[in-house]
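Chemist: whatever this is, show me its structure:
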Amino acid sequence: MKKILYIGWIGFGNLGDELLWHIFKDLSNYYLNQEEIKIIPSLPDLDIQNIEPYDAIVLGGGSLLLPGYIEILYKAIERQKEIFIWGSGIDWIDKEELDLILLGKAPCLEKLSPEREAAILRETFAKAKFAGVRGPLTKQVLASLGANSKNIQIIGDPGLLLETQDIPNIKNQEKIVGINWGTTYDRLYGQNEIEVEDALVNVSKNLIKQGYKILIYTVWAADSPSCQRLFEKINSPENVKFDDTLYNEQELMSQLSSCSMTINFKLHANLLSLATHVPCIPLGYRFKVFDLAYLLGLEKYIVSTDAPLLDINILERVKLIEDNHSEILKQFRLTQKYYNHKLLEPFQNQFKWQD
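Modeler: Numbering: from 1, shown residues only. As a prediction, this is how the structure comes out:
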């Protein structure tokens, strides 16, 4: 039996990473011959540095193109094991470098990946049996680090495979804006979560004046105190609900189905919203959010967390969504259709590739 190690940031209660594993597991159960292939997830009690028991390694969805994980893949290559990269992305690019990338200029990435690490990364992508990354900005950074673009394909975030189950597409009479808030311990563009939070307070009060209700929701236990604080700052309990339940992906999509739109801090809250036919405003707090927005072709709806007049910027996107609701959902469906077969390819091939 072929043993495949799935590497993801799982077992820590973060909904985004957990749903990526759930998608991988469900696809494995559906497509793979269970008598020939066994998938082992990288749960916290598993030593992923010990790769000897496995025939192949899959680096899964999430911002996992990091030196530590790349070292594991490189070690696997040295031991003649097969490696696959399935929807992984890059994060932790400084805003100044992101701005250069968006202008089509070469960023300075020495801090991100010194030469030895860059060399290992290039070799890893050259030797991978399948190398599919999350988005166009990830591919651009890899190319800037010297990876051969021919060895890399954009397959999209695996969250594109999310499908609603038995969720009626019926909107409430009330207009509701869902707001996903949380913390990244000030590791965000602008380095000041409280400023972003206060902007969301202003946005919420403005939306309430426009006749909207607000639903504050969380996707990770550590985010709950920030959401509670946002709820208290808005100080309008008759118009604002804070739901601190930690739902799974299907349960949360059911909750979001009543919304007119969402404003989201965490990355996969955006895909959960769109999969539920609800347009979203991604808060661009780090590189990965821009990577996803450009993948979806919805980059004009993103707002960087270091933007001056952040509240005004968000309200402008609200108006843009109100005017372009159906076009946004059409664009998302086209993106899903384009990338879904790319995401399914490794499973349809039973994780077997000819050299």
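Chemist: where do the strands sit along the stretch 201-350 of the chain?
Modeler: Using DSSP state E, counting those that start in this stretch, the strands found in the stretch 201-350 of the chain span residues 212-217, 240-243, 261-264, 280-284, 303-304.
Chemist: of all those strands, which lies closest to Ala128?
Modeler: Nearest to Ala128, of all the strands of the stretch 201-350 of the chain, is strand 280-284, at 28.7 Å by Cβ to Cβ. No exception for glycine: its C-beta is placed from N, CA and C like everyone else's.
Chemist: show me the shaky parts of the stretch 151-300 of the chain.
Modeler: Scanning the stretch 151-300 of the chain for pLDDT under 70 picks out the ranges 166-172.
Chemist: mind listing the helices in it by residue range?
Modeler: Along the stretch 151-300 of the chain, the segments classed as helices by DSSP state H, counting those that start in this stretch run 193-209, 224-234, 249-256, 267-275, 287-296.
Chemist: please name the residues that touch Asp186.
Modeler: By Cβ atoms under 8 Å, 6 or more residues apart in numbering, the contact set of Asp186 is Asn192, Glu193.
Chemist: let me fix that: Phe125
Modeler: Residues counted as contacts of Phe125 (Cβ under 8 Å, 6+ apart) are Ile85, Ala131, Leu142, Ala147, Asn148, Asn151, Ile152.
Chemist: so which of the residues you listed are in strands?
Modeler: Residues of those located in strands (DSSP state E): Ile85, Ala131.
Chemist: mind checking the end-to-end distance for stretch 69-87?
Modeler: With Cα to Cα, to the nearest Å as the measure, stretch 69-87 spans 14 Å from end to end.
Chemist: enumerate the positions of it that are buried.
Modeler: Burial within stretch 69-87, assessed by neighbour count using 16 or more other Cβ atoms under 10 Å, is assigned to 69-70, 72-77, 81-87.
Chemist: and the furthest pair within those residues?
Modeler: Once Cβ to Cβ is applied, those give Lys75 and Gly87 as the farthest pair, at 21.5 Å.
Chemist: is it correct that Leu142 is in contact with Leu121?
Modeler: Yes: the criterion here is Cβ atoms under 8 Å, and Leu142 meets it with Leu121 at 7.3 Å.
Chemist: name the element the nearest residue to Asn151 once chain neighbours are set aside belongs to?
Modeler: Among residues not flanking Asn151 along the chain, Phe125 sits closest, at 4.7 Å (Cβ to Cβ, 6 or more residues apart in numbering). Here Phe125 sits within helix 115-127, counting by DSSP states H and E.
Chemist: circling back: just the helices of the stretch 151-300 of the chain: most buried one?
Modeler: helix 267-275 (a mean of 27; mean count of other Cβ atoms under 10 Å).
Chemist: what is that one packed up against?
Modeler: helix 15-31, helix 249-256, strand 261-264, strand 280-284, helix 287-296 (3 or more Cβ pairs under 8 Å, 6 or more residues apart in numbering; DSSP states H and E).
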